[in-house]
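K.L.:
for reference, the sequence and a predicted model appear below.
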Amino acid sequence: MKRLVVVLVLVLMGALAAGVSIRHMAIEEVERRLNSVGLEWTSRTDGFADIQWSDLSGSGVEFSRLTVHAGWPIKVELSSGNIDLMALAQPQPVTNPIRQGAQTSSKSSWQPDWSLVCSDINIQWEGENLLSSMNGPVYPHLDLNNGKTRIHASWSRTGDTLLKGAIDGDLPHPAVHGKGTLSFSLGEPLSFSLDAPEAQLDHSILTDSRLPKTELTARGVWSPKTGEVAVDGQYGDVAWSGIGKTKPGHVSLDFRVPLTPLQAIVDLFGDGIPEAARTKLSGEISLDGHIEGPPWTWRIEPGAKNLAAAGAVPADYLGPIIRWETSGALPKHCSTATRSNNTPPGCDPEDSKIPHMTGPRTPDWVPYDRAGWMPEAVIAAEDIRFRSHDGFDLVAIQEALANAGSDERLRGGSTITQQLAKNLFLDGRRTLLRKLRELLFAMSLEERMTKDAILTLYLNVVEFGPGIWGIKNAADAWFMKSPDQLTVREAAFLASILPAPNMWHRRITATGRAPISRVNGVLDRMRRRGSLSKSEHRRARSESLRIVPPSGNH
């Protein structure tokens, strides 16, 4: 019996010694691995059931704690932290692998059976969360999940490939919604592909709401060493590609959309373009551009080939009486940027619509031959290539896009025909959707009307100040004359305030001064177009301009 007790004691002492040895080797192995990837920590706590390292940090990673749990195989857990993929991808400086833990060595012949799991980990890109609160195993296989998105991959050293897998679930970008699969192969270069059968784009420059569900695909490669990136893909029936370079905190990318049928572009917006169902479209559109940032700036050069649209304007619309609506002023507490599903009471723009009518059978109608100098002045001020384009002006559009730069809204670039389309059929939202609808209506107007008819209708509906619609009211309000009695200089003044008539009304009322340089600029363009002779131009520039700003809501 005594001999049995002695044997049991010796066995127990051997087991304890082995346990202490394994524990020591586990600590040494963990710290060797932490050091080898450049991670540091503030403290280590040796407990009976586990060992814990606190406040770990390194390039692109930070964790509250790392815990080695007692048992076999060895289980290691990383908790509450962030992993920044952009920082991880950058080449790291070579440093001494032994920075902490004097008992560790840079090499180890011990190959334990161990696993690594994460809890409450955020995956980031340049400090912004892509995926939040991820949980699950990382090694020997990767399978992270937060209930919405799953990252699953296998570790394998095949050529330059280190990790190969996919991300399934919600698309991790504020401008792209839906579910998809992002497949990747980490290496040099890193390759990736995105497949999202029902993606929805959502950006203020496109529209005020999400675009319809559309298939989105992308294929590309990126070199963390050189920063070079190349990608191409498809959004619906629209192909696109890009090539450029990245560096920490900055992206520079040239992109291209080749000539694409106009119909394919319109289809991307679905019900957002209700008139598309009755419109016969033809021709192609292309885009070449460059985007760089942050801070973000961009340049776009549009192209077009044989564009035409017929039928957007209803067949019974252009009669002797033409009706349209404008938006009235909303109460001060309202925000016109508020989306319709969250609009405060009394703030729906639809409730403030003001009806108007014009046409040959209305009392305020001014025909072309009684409009005096106004047609030529308006062409010079608003659309100098009016007589030669088909409803849109690529040069003007490109200038507007260039001026937009880093803006979130599109301003300018509209022809007289497009402005007429906006006044008759659309609101003032400055989005790509509204500009596209404007284009369809403009080309449809050009298909049905002569240039003189378009210009005449425009002059009879455009606003010249608060409550001042059409050139008959404008000539009377500003000069107490009829349009055909206006001098060249007076006509040039009315044309000069058209881009922002209400703003100019307020400024002129407050200062008592007319925008003389703008008026002279219109006269100069009229001279270059040949609308004025040299003597007429000289005389018009020398004339005085006597105006009395009309009261608001004329």
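P.N.:
Alright, I've got the coordinates.

K.L.:
strands of the stretch 201-350 of the chain, start to end?
P.N.:
In the stretch 201-350 of the chain, the segments counted as strands under DSSP state E, counting those that start in this stretch are 214-222, 228-235, 238-247, 250-261, 280-293, 297-310, 322-327.

K.L.:
which residues touch the fifth one?
P.N.:
Judged by CB atoms under 8 Å, 6 or more residues apart in numbering, the contacts made with strand 280-293 from elsewhere in the structure are 250-263, 265-266, 297-311, 406, 440. Any C-beta I mention is one placed from the backbone N, CA and C, and that applies to glycine too.

K.L.:
show me what contacts the nearest residue to Asp271 once chain neighbours are set aside?
P.N.:
Counting by CB to CB, 6 or more residues apart in numbering, Asp271 lies nearest to Pro212, which is 7.3 Å off, once chain neighbours are set aside. Residues in contact with Pro212 (CB under 8 Å, 6+ apart) are 200, 268-272.

K.L.:
picking up where we left off before, who wins for proximity to Asn129 among the strands of the stretch 201-350 of the chain?
P.N.:
Among these, strand 250-261 comes nearest to Asn129, with 18.4 Å by CB to CB.

K.L.:
who are the packing partners of the closest one?
P.N.:
Counting contacts by 3 or more CB pairs under 8 Å, 6 or more residues apart in numbering; DSSP states H and E, strand 250-261 is packed against strand 238-247, strand 280-293.

K.L.:
what are the bridge partners for Ser241, then?
P.N.:
When assigned by DSSP bridges, Ser241 has beta-bridge partners Asp232, Arg256.

K.L.:
state the pLDDT value of it.
P.N.:
Listed pLDDT for Ser241 reads 98.

K.L.:
try Ile83
P.N.:
In this model, Ile83 carries a pLDDT of 82.

K.L.:
quick one: what helix or strand has it in it?
P.N.:
For Ile83, the host element (DSSP states H and E) is strand 74-84.

K.L.:
that strand: which residues count as buried?
P.N.:
For strand 74-84, burial by neighbour count (16 or more other CB atoms under 10 Å) applies to 74-79, 81-84.

K.L.:
tell me the strands beside that strand, with direction?
P.N.:
In the sheet, strand 74-84 lines up against strand 61-69 (antiparallel), strand 114-125 (parallel) (DSSP bridges).

K.L.:
could the ones you listed go into JSON lines alongside mean pLDDT and mean neighbour count?
P.N.:
Listed next are the strands paired with strand 74-84 as JSON lines, based on pLDDT from 0 to 100; neighbours: other CB atoms under 10 Å:
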{"stretch": "strand 61-69", "mean pLDDT": "87", "mean neighbour count": "18"}
{"stretch": "strand 114-125", "mean pLDDT": "85", "mean neighbour count": "18"}
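
K.L.:
ok, which of these comes nearest Gly233?
P.N.:
Here strand 114-125 is closest among those (CB to CB), at 18.9 Å.

K.L.:
domain map for this protein?
P.N.:
For the chain, the structural domains run 18-90+113-147, 150-236, 307-542, going by automatic domain parsing.

K.L.:
mind checking how far the shortest one is from the chain centre?
P.N.:
Think domain 150-236. 17 Å (CA atoms, centre = their mean, to the nearest Å).

K.L.:
so for it, what's the average pLDDT?
P.N.:
Domain 150-236 carries an average pLDDT of 90.

K.L.:
ditto for the longest one
P.N.:
Averaging pLDDT along domain 307-542 yields 87.

K.L.:
ends of it, how far apart?
P.N.:
In domain 307-542, first residue to last residue: 44 Å (CA to CA, to the nearest Å).

K.L.:
contact partners of the strand holding Ile83?
P.N.:
Taking CB under 8 Å, 6+ apart as the rule, strand 74-84 contacts 26, 30, 56, 60-69, 112-127, 138.

K.L.:
if we can go back for a sec, just the buried subset of the contacts of Pro212, written out for PyMOL, thanks.
P.N.:
Buried residues within these, by 16+ other CB under 10 Å, are selected in PyMOL with:
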select buried, resi 200+268+269+272
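
K.L.:
among the contacts of Pro212, which two are most distant?
P.N.:
Greatest spacing in the contacts of Pro212, by CB to CB: Gln200 and Asp271 (13.3 Å).

K.L.:
how about the contacts made by the residue positioned nearest the centre of the chain?
P.N.:
Most central in the chain under CA atoms, centre = their mean is His203, positioned 4.5 Å from the mean C-alpha point. Each residue near His203 by CB under 8 Å, 6+ apart is listed here: Ala175.

K.L.:
that one and Thr431, how far apart?
P.N.:
Distance of His203 to Thr431, given as CB to CB, to the nearest Å: 9 Å.

K.L.:
ok, back up a step: want to throw the buried residues of strand 74-84 into a markdown table with distance to Thr326?
P.N.:
Shown next, in a markdown table, are the buried residues of strand 74-84 (distance: CB to CB, whole Å):
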| residue | distance to Thr326 |
| --- | --- |
| Ile74 | 73 |
| Lys75 | 69 |
| Val76 | 67 |
| Glu77 | 64 |
| Leu78 | 60 |
| Ser79 | 59 |
| Gly81 | 55 |
| Asn82 | 51 |
| Ile83 | 53 |
| Asp84 | 50 |
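
K.L.:
would you list the phi and psi of Lys213?
P.N.:
phi -60, psi 130 (degrees, to the nearest 10).

K.L.:
excluding covalently adjacent residues, which one is nearest to it?
P.N.:
Leaving aside its sequence neighbours, Lys213 sits nearest to Glu198 (CB to CB, 6+ apart; 4.0 Å).

K.L.:
also Ile121?
P.N.:
Spatial nearest neighbour of Ile121, excluding adjacent residues (CB to CB, 6+ apart): Met134 at 4.7 Å.

K.L.:
the one you found - that's part of a helix, no?
P.N.:
No. Assigned with DSSP: H, G, I helix; E, B strand; the rest coil, Met134 falls outside any helix and is strand.

K.L.:
re the thing from before, would JSON lines of the strands paired with strand 74-84 with distance to Leu34 be doable?
P.N.:
Shown next, in JSON lines, are the strands paired with strand 74-84 (distance: least, CB to CB, whole Å):
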{"stretch": "strand 61-69", "distance to Leu34": "8"}
{"stretch": "strand 114-125", "distance to Leu34": "12"}
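
K.L.:
show me where the stretch 301-450 of the chain has helices.
P.N.:
Using DSSP state H, counting those that start in this stretch, the helices of the stretch 301-450 of the chain run over residues 374-382, 394-404, 416-425, 432-448.

K.L.:
nearest to His505, of these?
P.N.:
helix 374-382 (16.4 Å).

K.L.:
tell me the angle of that closest one relative to helix 416-425?
P.N.:
Interaxial angle, helix 374-382 versus helix 416-425 (axes from the mean of the first three to the mean of the last three CA atoms, to 10 degrees): 100 degrees.

K.L.:
mind putting the domains of the chain in CSV, distance to Asp288 included?
P.N.:
As requested, the domains of the chain are exported to CSV (distance: least, CB to CB, whole Å):
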stretch, distance to Asp288
domain 18-90+113-147, 27
domain 150-236, 14
domain 307-542, 10
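
K.L.:
out of those, which gets nearest to Ala276?
P.N.:
Closest to Ala276 of the domains of the chain is domain 307-542 (CB to CB; 7.2 Å).

K.L.:
partners of Thr217 in the sheet?
P.N.:
Beta-bridge partners of Thr217, counted by DSSP bridges, are Asp195, Gln234.

K.L.:
if I look at it, how far off is Pro261?
P.N.:
Thr217 is 19 Å from Pro261, by CB to CB.

K.L.:
residues in contact with Gly242?
P.N.:
For Gly242, the contacting residues are 229-232, 253-256, by CB under 8 Å, 6+ apart.

K.L.:
and these, which of them are buried?
P.N.:
Buried subset of the contacts of Gly242 (neighbour count, 16+ other CB under 10 Å): 229, 231, 253, 255.

K.L.:
including distance to Val519, could those go into CSV?
P.N.:
Below are the buried ones among the contacts of Gly242 laid out as CSV (distance: CB to CB, whole Å):
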residue, distance to Val519
Val229, 50
Val231, 50
Leu253, 43
Phe255, 41
